[in-house]
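>>> model the following, please.
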Amino acid sequence: MSLKDEITEMVSKIFWDQWTERDGRVVPEAEDVPLGNEAVKFESATVLYADMSGSTALVDSNAWYFAAEVYKTYLYCAARIITNEGGTVTAYDGDRIMAVFIGDSPNSSATRAALKINYGRIHIIMPLLQKKYPLETFDLKHVVGIDRSSLRAARTGARGANDLVWVGRAANYAAKLTTLPDTHPTWITKDVYDRLTDDLKTTDGKPMWEIMTWTAMNSMTIYRSIWYWPI
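Residues are numbered from 1 along each chain as shown. The predicted structure follows:
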């Protein structure tokens with residue numbers, strides 16, 4: 001069979017095969033989901049994306065090992081905080097990380113993780129970076145985006161090279177939120193904000209969030225914050 005015939009056969013199969021779904025109780029690994037048209041369904045899940053800012057300038061203006069150290073420290077910090085808050089890291093993509101939160105309080109857990117990642121950036125990574133490189137002017141900045149929705153996980157790719165794709169609003173919107181200005185490191189949708197515990201909305205009577213209108217996304221209501229949560 002030629003490569004064209006093989007691809008044509010598989011594309012036809014994907015389009016015409018019936019989909020089956022099963023309810024998800026834990027975030028699956030890729031090998032837990034068949035390559036066929038089967039999806040793991042979550043009625044409600046919260047997706048977090050954490051994305052470093054200025055990666056192109058970082059690699060263009062610094063030694064490769066410096067950029068590698070920044071990537072590694074940021075992604076390690078984010079991953080450990082995410083898992084400590086009960087989330088599951090589902091993908092690394094260059095300088096960003098995706099995670100899914102399910103369970104009893106996924107919105108508060110994901111948001112607390114975001115605020116802790118901001119703390120780690122400010123109070124752990126940057127002081128240690130400046131200690132090793134006292135003349136370095138690089139300032140690590142980032143944006144974390146969070147949204148919630150129903151979500152489905154399906155396995156995609158070819159045999160020997162495949163992974164999960166997450167289908168649902170939360171996966172797309174959380175990623176798009178990371179493109180917003182890094183003047184505010186944490187951006188969340190109203191659906192997430194409305195489900196936060198009170199201690200994640202105010203501190204000593206002061207609001208931790210500023211309400212915004214996301215004009216690029218049908219004037220959707222979102223919230224942004226400069227606060228952090230100590231680790």
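
>>> hey, where'd the helices end up in the chain?
Per DSSP state H, the chain has helices spanning 3-16, 55-61, 64-84, 106-120, 126-132, 169-177, 190-193. These are given in chain order.

>>> show me what the helix or strand of the chain with the lowest mean pLDDT is packed against.
The helix or strand of the chain with the lowest confidence, counting by mean pLDDT, DSSP states H and E, is helix 55-61 at a mean of 89. Applying 3 or more CB pairs under 8 Å, 6 or more residues apart in numbering; DSSP states H and E, one finds that helix 55-61 contacts helix 64-84. Backbone N, C-alpha and C define where each C-beta goes, glycine included.

>>> distance between the helix it packs on and the chain's centre?
Between the centre of helix 64-84 and the centre of its host chain there is 14 Å, according to CA atoms, centre = their mean, to the nearest Å.

>>> got it, and stretch 33-45?
For stretch 33-45, the separation from the chain centroid amounts to 19 Å (computed by CA atoms, centre = their mean).

>>> and what of stretch 3-19?
For stretch 3-19, the distance between its averaged C-alpha position and the chain's averaged C-alpha position is 31 Å (CA atoms, centre = their mean).

>>> contacts for that stretch, please.
Contact with stretch 3-19 is made by 1, 36, 37, 38, 39, as judged by CB atoms under 8 Å, 6 or more residues apart in numbering.

>>> any chance of the residues you listed in a markdown table with pLDDT and distance to residue 189 as columns?
As requested, the contacts of stretch 3-19 are arranged in a markdown table below (pLDDT from 0 to 100; distance: CB to CB, whole Å):
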| residue | pLDDT | distance to residue 189 |
| --- | --- | --- |
| 1 | 86 | 46 |
| 36 | 92 | 32 |
| 37 | 96 | 29 |
| 38 | 96 | 29 |
| 39 | 97 | 23 |
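
>>> for the helices of the chain, give me JSON lines that also has distance to residue 213.
As requested, those are exported to JSON lines (distance: least, CB to CB, whole Å):
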{"stretch": "helix 3-16", "distance to residue 213": "38"}
{"stretch": "helix 55-61", "distance to residue 213": "28"}
{"stretch": "helix 64-84", "distance to residue 213": "28"}
{"stretch": "helix 106-120", "distance to residue 213": "20"}
{"stretch": "helix 126-132", "distance to residue 213": "31"}
{"stretch": "helix 169-177", "distance to residue 213": "14"}
{"stretch": "helix 190-193", "distance to residue 213": "11"}
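
>>> most tightly packed of those helices?
When the helices of the chain are scored by mean count of other CB atoms under 10 Å, the highest mean neighbour count falls to helix 106-120 (a mean of 24).

>>> between it and helix 64-84, how big is the angle?
For the pair helix 106-120 and helix 64-84, the angle between their directions (axes from the mean of the first three to the mean of the last three CA atoms, to 10 degrees) equals 150 degrees.

>>> mind giving me the packing neighbours of helix 106-120?
For helix 106-120, the helices and strands in contact under the criterion 3+ CB pairs under 8 Å, 6+ apart are strand 38-52, helix 64-84, strand 96-101, strand 142-158, strand 186-189, helix 190-193.

>>> alpha carbons of that helix, as PDB, please.
The C-alpha coordinates for helix 106-120 follow below in PDB (Å, rounded to 0.1, in the frame of the first residue of the first chain):
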ATOM      1  CA  PRO A 106     -10.600  22.000  40.500                       C
ATOM      2  CA  ASN A 107     -11.100  25.700  39.900                       C
ATOM      3  CA  SER A 108      -9.700  26.800  43.300                       C
ATOM      4  CA  SER A 109      -6.900  24.200  43.000                       C
ATOM      5  CA  ALA A 110      -5.900  25.400  39.500                       C
ATOM      6  CA  THR A 111      -6.100  29.100  40.500                       C
ATOM      7  CA  ARG A 112      -4.000  28.500  43.700                       C
ATOM      8  CA  ALA A 113      -1.500  26.700  41.500                       C
ATOM      9  CA  ALA A 114      -1.300  29.700  39.200                       C
ATOM     10  CA  LEU A 115      -0.700  32.100  42.100                       C
ATOM     11  CA  LYS A 116       1.900  29.800  43.500                       C
ATOM     12  CA  ILE A 117       3.700  29.600  40.100                       C
ATOM     13  CA  ASN A 118       3.800  33.400  40.200                       C
ATOM     14  CA  TYR A 119       5.300  33.200  43.700                       C
ATOM     15  CA  GLY A 120       7.900  30.700  42.500                       C
END
